[in-house]
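K.L.:
Have a look; sequence and predicted model below, questions after that.
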Amino acid sequence: MTRRCQAAAKAFALAAVFGLLAAGCVERTITVRSDPPGALVYLDDVERGETPCTFPFDFYGTRSLVLHKDNYEVAKQVIEVKAPVHSVFPLDIFFDLLFPATIHENHAYDVVLQPVTQPDTEKLILRAKELREQLQPPQ
């Protein structure tokens, strides 16, 4: 084999190795929807946008999901983002590095927001008076 052929073969082999290493990819996303839409989303105390929103993530496990919207109660949930089979060792090495296609993995969460209830003013004042009487020292 001539030097030119050897150099071309080495270049081809090197390109093939890099092609295989760059081929695999897993895109992990979380989608959060709320009823009504437009709530501000926090995942692990990091703001991620307004519902409906989709954003990438890197790690599986237990996460804190919080939604805020004016005139609605704050919705707090602990969610478990479970790893699918293709993300468990040793299969994850193959799917992350060698699998010749992109795997799109999405974890979706739907949250129903509850409107803030306005307390009955008369009952609130009556309760305050009762508590005041309980706290006054006996005469």
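P.N.:
Structure's in. What do you need? It should be emphasised that the depicted structure is a prediction, and the values quoted were computed from it without experimental measurement.

K.L.:
Next, the residue nearest the centre of the chain: secondary structure please.
P.N.:
Note on the chain: the residue nearest the mean C-alpha position is Ile30, at 4.3 Å, using Cα atoms, centre = their mean. Of the three states, Ile30 takes strand under DSSP: H, G, I helix; E, B strand; the rest coil.

K.L.:
Could you measure from it over to Pro52?
P.N.:
For Ile30, the distance to Pro52 equals 11 Å [Cβ to Cβ, to the nearest Å]. Every residue, glycine included, has its C-beta placed from N, CA and C.

K.L.:
what number of residues lie near the residue lying closest to Cys25 once chain neighbours are set aside?
P.N.:
Excluding the flanking residues, the one nearest Cys25 by Cβ to Cβ, 6 or more residues apart in numbering is Thr102, at 4.5 Å. The number of residues packed near Thr102 is 10, by other Cβ atoms under 10 Å.

K.L.:
Could you pull up the contacting residues of Thr102?
P.N.:
Cys25, Val26, Glu27 (Cβ atoms under 8 Å, 6 or more residues apart in numbering).

K.L.:
Confirm for me that the residue nearest to the centre of the chain is in contact with His107.
P.N.:
Yes - counting by Cβ atoms under 8 Å, His107 is a contact partner of Ile30 at 5.0 Å.

K.L.:
Mutual contacts of those two, please.
P.N.:
Val81.

K.L.:
Let me see the ranges of the strands in the protein.
P.N.:
Applying DSSP state E to the chain gives strands spanning 25-35, 40-43, 46-50, 53-56, 61-68, 75-81, 102-112.

K.L.:
Save the ones you listed as CSV, and put in distance to Lys129 and mean pLDDT too.
P.N.:
Listed next are the strands of the chain as CSV, based on distance: least, Cβ to Cβ, whole Å; pLDDT from 0 to 100:
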stretch, distance to Lys129, mean pLDDT
strand 25-35, 39, 93
strand 40-43, 38, 98
strand 46-50, 42, 96
strand 53-56, 46, 96
strand 61-68, 34, 97
strand 75-81, 33, 96
strand 102-112, 36, 93
